[in-house]
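[1] fold the stuff below for me.
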Amino acid sequence: MKNFKKIGLLLLAAILLVACGSNKNENEIKLIYVNWAEGIAMTNVAKILLEENGYEVNMKNADVAPIFASLSRGNADVFMDVWLPTTHEDYMKQYSASLEVLGNNFDDARIGLVVPAYVDINSIEELNDHKDKFKSEIVGIDAGAGLMKAADKSLSEYGIDFKLLTASEAAMTASLKKAINNNSWVVVTGWTPHWMFSRFDLKMLEDPKGVFGDAEQIKTIARKGFSEEQPYVAEFFTNVSFTTEQIGSLMQTIEDAGNEVAGAQKWIDENRELTNSWLPATN
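    Sure thing, here's the model as predicted:
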């Protein structure tokens, strides 16, 4: 009798496992992103296009380190904003065995220290000569960003007697806008592509020691096994690619709209030939 009870319990457990597995939504895609302008823009565009093709798409925001950890554990599916070979190199080395690269979104991304064009210096080496005008501060973004690690390294490499301030991207651009409105000097951590280069007349300071690296590619990565489980979606992400003009116009449209979803939808409607070219032939 005991054996029959054990068998019955095992069968019940098996039935429950099958039932739970059958509730999994195979059309659900979990996108994860950082609060950076290009990532917000690209992820919203991807979400809209996938939803138009029958997928249920959830977006979650996080800092860079938790994003890589989440993908490696299978708690998220896709991240569209990986900068290589320099900015996110450490994260890729740490988690590469649990990730797969789907494609390149953009091929001429750069990071560095940015000033308004009217600031009459051109190199990082000149910052110390104008400490008072800059209030001995560099306005940064979130602490976990690869850009911030490079900016911190630049302080020692160039012997810059400045304080690197941690802030959000929104706070950084607000500081930049305020300084430009007052025609005052400011230096911020910045990158291209970003809408601020379309909105303001800016320049990236020369980096003779190469602390910030050369031009990088922005890549889309996914959790290991995603391509096999979701071949259509994986092919879609492989196809997504922007020129400088295209991603610039996307970010500017979103910024002008004041709403990420509305701006992304407007840009898609105005660029259907491009976005249709990203969609695989069959679903």
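
[2] and the closest residue in space to residue 147 that isn't next to it in sequence, what are its bridge partners?
    If the residues on either side of it in the chain are set aside, residue 147 comes closest to residue 111, at 4.7 Å by Cβ to Cβ, 6 or more residues apart in numbering. Bear in mind the C-beta positions are built from the backbone N, C-alpha and C, glycine included. Applying DSSP bridges to residue 111 yields these beta-bridge partners: residue 191.

[3] so where does the residue lying closest to residue 116 once chain neighbours are set aside fall, helix or strand?
    Nearest residue to residue 116, sequence neighbours excluded (Cβ to Cβ, 6+ apart): residue 180, at 5.4 Å. For residue 180, the host element (DSSP states H and E) is helix 169-181.

[4] contacts for that helix next, please.
    Here helix 169-181 makes contact (Cβ atoms under 8 Å, 6 or more residues apart in numbering) with 35-37, 114, 116, 139-142, 167, 185-186, 188-190, 196, 200.

[5] now do stretch 138-153, average pLDDT.
    Mean pLDDT, stretch 138-153: 91.

[6] now do the buried residues in that stretch.
    Under the neighbour-count criterion of 16 or more other Cβ atoms under 10 Å, stretch 138-153 has 138-142, 144-148, 150-152 buried.

[7] list the contacts of residue 110.
    Residue 110 makes contact with 191-192, 204, 212, 215-216, according to Cβ under 8 Å, 6+ apart.

[8] burial of residue 120, as a residue count?
    10 (other Cβ atoms under 10 Å).

[9] now do the helices in the protein.
    Shown for the chain, the helices assigned by DSSP state H span residues 2-22, 37-52, 64-72, 89-95, 131-134, 146-157, 169-181, 196-199, 226-229, 231-239, 244-257, 260-270, 272-278.

[10] I'd like those helices laid out as CSV, including distance to residue 82.
    Output for the helices of the chain, formatted as CSV (distance: least, Cβ to Cβ, whole Å):
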stretch, distance to residue 82
helix 2-22, 31
helix 37-52, 10
helix 64-72, 9
helix 89-95, 7
helix 131-134, 31
helix 146-157, 10
helix 169-181, 17
helix 196-199, 21
helix 226-229, 14
helix 231-239, 12
helix 244-257, 15
helix 260-270, 20
helix 272-278, 18
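
[11] return the most buried member of these.
    Comparing these by mean neighbour count (mean count of other Cβ atoms under 10 Å), helix 37-52 comes out on top with a mean of 22.

[12] elements contacting that one?
    Helix 37-52 sits against strand 28-33, strand 56-61, strand 78-84, helix 231-239, helix 244-257, helix 260-270, helix 272-278, with contacts defined as 3 or more Cβ pairs under 8 Å, 6 or more residues apart in numbering; DSSP states H and E.

[13] among the helices of the chain, which is nearest residue 30?
    For residue 30, the closest of these is helix 64-72, at 8.9 Å, according to Cβ to Cβ.

[14] and the closest one, average pLDDT?
    Averaging pLDDT along helix 64-72 yields 96.

[15] before I go, just wanted to say thanks for your time.
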